[in-house]
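# please work out how this folds:
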Amino acid sequence: MSTPTAPPSEAPTAYQPYVPPHMAMSEFTLRAVLLGLVMTVVLGAANAYLGLRAGVTIAATYPAAVISMAILRLFRGSILEENMARTVGSIGESVAAGAIFTIPAFVIAGVWDRSFDFGTAYWKSTAMMAVGGTLGILFVTLLRRVMVEDKELPYPESVAAAEIHKAGQRGAQAAKILFYNMGIGSVVYLLGQFNLFSASRDFVVHIGQLGRSALRLGTGQNAPILGVGGLTRFDLPAVSPAYLGVGYIIGPRLAALNFSGGVVAWGLLVPLLIYFLGPQLQAYLPPGSPAEASWGGMANNVWRFIVRPIAVGGMMVGAGYTLFRMRKSLVLGMRRAVSDLKKSGHQAVATNRTERDLGAKTVFAGLAATFLCMVALYYYFSGTLSGGLVAAIVMIVLGFFFAAVSGNLVGLIGSSNNPVSGLTLSTLIIAALLMVSIGVSGPSGVAAVLGVAAVVCVSSAVAGEMLQDLKVGHILGGTPRSMQLGDFLGIAAASALLYFPLLVLHRGNINAGGIGFGDRALSAPQAGLMAMLSQGIVGGDMAWPLVVVGIFMGFALIMVQVRSPMLFAVGMYLPLETTFAIFMGGVFRWMTDALRDRRGFNDAQKARVENAGVLTASGLIAGEALMGLVIATFRFFEWPVPRILDQPPLFLGLLFLVGLAALMIKLPLANAGRPDEPAPPTAIM
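Presented below is the predicted three-dimensional model:
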C-alpha cells in the first residue's frame, strides 16, 4: 500500500485529501467527541482484559472506525466527524497497552500492596497514564508534519482505516459483521462462565512410569540405567472467542510459533524437571509457594517458579532482537526526531486547515509543565530528589526518541505490530542501571524504575497510535489541531477510568480463588517481565541462573532463524490452554485461506474475505472482552455467578469449539461477493 500522492505534473504540495482544505464541514462536534470518549474507555477496557489474559492487544482503529461510522450515520454525521470520533475512540487502546505492560508490575514486584486498593493505587496509576499520554501527544505534535507527509512511510493500517470511512456500503456491511460477532462472542463466553460447558480442561499426562521406566545406556548388565519416566499437565484449548480471534488475526505461522513455546514448556521442561527433582521439588521452590500434593499441582509449580523465569530470559533476548532487526528504522526515526525538533520553532502558523497544529509555544510550555510533574512523581517513588531528577531526565529524553521511533515503526508496519514492550524494556534496563549507580535501591528504586517504564510505555504507545490516526486524517482531510485536542480529552478520560477495569479484573480474580495479576487466568506476561527485571537489577532479587538459561535459549532460537523468539518465549510464559486456543484460531485462518484459494476467487473477492474474517475475529474478541469485564464486576462485588451444570460433559465444550470454527471459516467466505463486484479499496490487514 502507499499513501495518495499528487499527479506527476503537480508539485508535491498539491496533494488533495478526500475533503478539500477549503471545504467547510462539521468536525469537532459534541456528539463526535462524546462518542469517541465512550469508545476510548470501552475499547481500552476490552484491550486491558485481552492483554492481561493473553499478553497481546489488538488495534482499536478498525472497530472504532466501524462503530463511529455506523452510529454517526444515524445522525447524518459527516466523514470528518467519523474521523474525529475514531481518533478519540482509538487512543484508549494505546493507553491500556502501556498500562497493562507496566502497572500490574508494581503489584507483582510487591512495591504496591496486592489489594491494589483505590486509596493507594488509583492516583499513582492515573498520574502515570496521564503523564505518559500527554507526553506522547506533545511529542507527536512536533513530529507530525515530517512523519505524516513522508512518502517513504506507507502507513498500511491508516490507509485501511481511511478506506473504511470512504467505503459507504461496504462500511454498513462491515458494521453488521462486527456487531453480529460481538454478540456471539459475548453469549459464548457467558455460557462458559455459567458452566454450560467447560471453557477449559486439563489432565495429568504420565510419560512412561515415574520412578519405574528406564533406559539402559549401552549393553551388558553393568551398563548404567537412566530413568525415563515423567509427567506433565496437558490442557485442551480454551473455548474462548477472544483467544481464537487473536489466533485468526495473527495467522497460522505466528500462532503456531506461540503454541510451540507452550509445547516445549509442558512437553519437555516440566516432565524433565519433575523427574529430576521429584519429592525434593518443594525445597527448590521459593518460600511460601503452594505446597500442593497432587501431581497436577506439582507440574503447575514447576512451570510457574522454574519454567517462567527461563521464559523471561527468552523474552529479554526476543525484545532485544526485535529492536536489532529494526535498527535502521530506529536510527532513521531518531534522526527525524532531531531534525523535526529543530524545524518546529521556525514554522509559521499554517493558514491551511489541514496543516494547522497546536502552536510550538503551547507544546514546549506543556512539555516543561509535564517535566515538573514527572520530577514530583518520581521524587515520590524514589524518595530522593536526585533519583527523581534522574528518572525524569531519562524519561523525557528516551520518551521523545522512542515516540519518534514508535511513529516510524507504525508508518512502516502499523500499530498492531509496534514493539512497544521492547522499547519499554530498553528504558527499564537503562533506568535500573542508573538508579543503582546513584545509590537508589530497594523498593523505592524498583518503584522509580517501574514508574519510568510505565510513562515511556504509555508515551510510545500513544505516539504510535496518534501518528496512525493523524495519517488517516491527512488522507481524509481532517484538521490536525482538532484531532490533537480530541486526543487530549481521550487521554484524560482513559487515564481517569482505566484503573477501574484493572481493579475489577485483579480483585475479581482474587475473589474467584486466584492471586490477581500474575495468576494463571490473568498472566500479564509483559508486566511479569518488567517486575522481575526491576527486582533483579535494583532489588537484587532474581533467579539469575534460570534467566541466563533462557537467554541462551533465546540466542539459540535466533541462530536457527526462528521468526519471533519473543513470541516463542511468551508461549512458554502463558498457560497452555491459552496458546493452544490461539493456535486453533490460526488453524481456522489457514483453513479459510485454503478454501478461499481452492474456490478460485479473484483479488476483489479475496480482499472481501480477508476484511470479513478480520472483522469477525475482532467482534469475537470485543464481545468476550466486554462480557469478561461484566463477569469480573460480579466477582468484584462477590455477587453469585449462576452455574447451569455442576460437571458439564467434555463434548459440550468441543461442540462450541466446532461451532466457532464453522463461524470463523464460513462467514468470511460467505462475504466474498460476486466476481464482477469491484474490490474494496484495501484489505484491512
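# count of residues packed around residue 549?
17 (other C-beta atoms under 10 Å). The way it works is simple: take the backbone N, C-alpha and C, and place the C-beta from them, glycine included.
# and it, what does it touch?
By C-beta atoms under 8 Å, 6 or more residues apart in numbering, the contact list for residue 549 reads 310, 313.
# which pLDDT value does the model give it?
We have a pLDDT of 91 for residue 549.
# for it, give its distance to residue 534.
20 Å (C-beta to C-beta, to the nearest Å).
# same question, residue 25
49 Å.
# quick one: secondary structure of residue 234?
strand (DSSP: H, G, I helix; E, B strand; the rest coil).
# count of neighbours near it?
Neighbours of residue 234 (other C-beta under 10 Å): 17.
# nearest residue to it other than its sequence neighbours?
Nearest non-adjacent residue to residue 234, counting by C-beta to C-beta, 6 or more residues apart in numbering: residue 205, 4.6 Å away.
# burial of the nearest residue to residue 259 once chain neighbours are set aside, as a residue count?
Distance criterion C-beta to C-beta, 6+ apart; nearest residue to residue 259, sequence neighbours excluded, is residue 583 at 3.6 Å. Neighbourhood size, residue 583 [other C-beta under 10 Å]: 25.
# same thing with residue 380?
With other C-beta under 10 Å as criterion, residue 380 counts 15.
# do the same with residue 649
11.
# look up the pLDDT of it for me, please.
pLDDT, read off for residue 649, is 89.
# doesn't the residue nearest to residue 259 lie inside a strand?
No. Counting by three-state DSSP, residue 583 is not found in a strand; it is helix.
# contacting residues around it?
237, 247, 255-256, 258-259.
# that one and residue 314: what is the separation?
Counting by C-beta to C-beta, the gap from residue 583 to residue 314 is 18 Å.
# for residue 428, helix, strand, or coil?
helix.
# just the element for the nearest residue to it once chain neighbours are set aside, please.
In space, and not counting its chain neighbours, residue 428 is closest to residue 453: 4.2 Å by C-beta to C-beta, 6+ apart. Using DSSP states H and E, the element containing residue 453 is helix 442-476.
# can you pull the buried residues of the next helix or strand after that helix?
Using DSSP H and E, the next helix or strand after helix 442-476 towards the C-terminus is helix 480-497. Buried positions in helix 480-497, judged by neighbour count with 16 or more other C-beta atoms under 10 Å: 480-495, 497.
# can I get the CA coordinates of helix 480-497 in CSV?
What follows is helix 480-497, C-alpha atoms only, in CSV (Å, rounded to 0.1, in the frame of the first residue of the first chain):
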residue,chain,number,x,y,z
PRO,A,480,-4.6,18.1,13.0
ARG,A,481,-5.2,20.6,15.7
SER,A,482,-8.7,19.4,16.3
MET,A,483,-7.5,15.8,16.4
GLN,A,484,-4.8,16.7,18.9
LEU,A,485,-7.2,18.4,21.1
GLY,A,486,-9.6,15.5,20.9
ASP,A,487,-6.8,13.1,21.9
PHE,A,488,-6.1,15.2,24.9
LEU,A,489,-9.7,14.6,26.0
GLY,A,490,-9.3,10.9,25.2
ILE,A,491,-6.2,10.6,27.3
ALA,A,492,-7.9,12.4,30.2
ALA,A,493,-10.8,10.0,30.1
ALA,A,494,-8.8,6.9,29.6
SER,A,495,-6.3,7.8,32.4
ALA,A,496,-9.1,8.6,34.8
LEU,A,497,-11.1,5.5,34.2
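# name the helices or strands packed onto it?
helix 30-54, helix 79-108, helix 118-148, helix 442-476 (3 or more C-beta pairs under 8 Å, 6 or more residues apart in numbering; DSSP states H and E).
# reformat those as TSV; add mean pLDDT, distance to residue 519 and mean neighbour count.
What follows is the helices and strands packed on helix 480-497, written out as TSV (pLDDT from 0 to 100; distance: least, C-beta to C-beta, whole Å; neighbours: other C-beta atoms under 10 Å):
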stretch	mean pLDDT	distance to residue 519	mean neighbour count
helix 30-54	89	10	25
helix 79-108	89	10	30
helix 118-148	87	17	23
helix 442-476	85	19	29
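# ok, residue 259 to residue 665 distance?
19 Å.
# ditto for residue 80
From residue 80 over to residue 665 (counting by C-beta to C-beta), the distance is 37 Å.
# just residue 433 next, same as before
On the measure of C-beta to C-beta, residue 433 and residue 665 end up 50 Å apart.
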